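Participant: One predicted model, sequence on top.
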Amino acid sequence: MICALRFLPELEEDVFAGYSWYEEKAPGLGEEFLRMFYACSAELRRDALIYRKVHGEIRRRLLRRFPYAIYYKIAGNEIIVFGFFHCARDPRTVKAELSDRAIQEDLRKQ
């Protein structure tokens, strides 16, 4: 199954925060972080169904090498990426943030 991949606007801030942190720790590590994010995101287009649902219809795909997860939902022929969070975050906070973003996405559609 190959679907279109769409990122919510809020994702830019999620990704940039991780990039900045890693780039500050070691020059070039932020770039590796971005490459891993984009590679794992691209893989979702082919294998989106293999990752389990964690919050309603939202699924989670863990990154390799970095402790981050991509949260997404399959909607028809589209994969909507809702969040990109560090795995040490409180799961309740992640769930609340994903719920807020899902509500915002529904409002944008109207």
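Facilitator: Cool, got the structure.
Participant: how about the strands in the protein?
Facilitator: Using DSSP state E, the strands found in the chain span residues 4-7, 53-55, 58-62, 68-75, 78-86.
Participant: which stretch among those comes nearest residue 100?
Facilitator: Among these, strand 78-86 comes nearest to residue 100, with 9.7 Å by C-beta to C-beta. C-betas here are computed from N, CA, C, even on glycine.
Participant: That closest one pairs with which strands, and in what direction?
Facilitator: For strand 78-86, the paired strands and their directions (DSSP bridges) read strand 4-7 (parallel), strand 68-75 (antiparallel).
Participant: Looking at those, spot the one closest to residue 39.
Facilitator: strand 68-75 (10.9 Å).
Participant: what's the spacing between that closest one and its chain's center?
Facilitator: Chain-centre distance of strand 68-75: 5 Å, with C-alpha atoms, centre = their mean, to the nearest Å.
Participant: beta partners for the residue nearest the centre of the chain?
Facilitator: For the chain, the residue nearest the mean C-alpha position is residue 70 (2.7 Å; C-alpha atoms, centre = their mean). On the basis of DSSP bridges, residue 70 is bridged to residue 61, residue 84.
Participant: Residue 72: neighbouring residues, count only.
Facilitator: 27 (other C-beta atoms under 10 Å).
Participant: Can you verify my assumption that it contacts residue 80?
Facilitator: Yes: with contact defined as C-beta atoms under 8 Å, residue 72 reaches residue 80; the gap is 6.2 Å.
Participant: shared neighbours of the two, anything?
Facilitator: Common contact partners of residue 72 and residue 80 (C-beta atoms under 8 Å, 6 or more residues apart in numbering): none.
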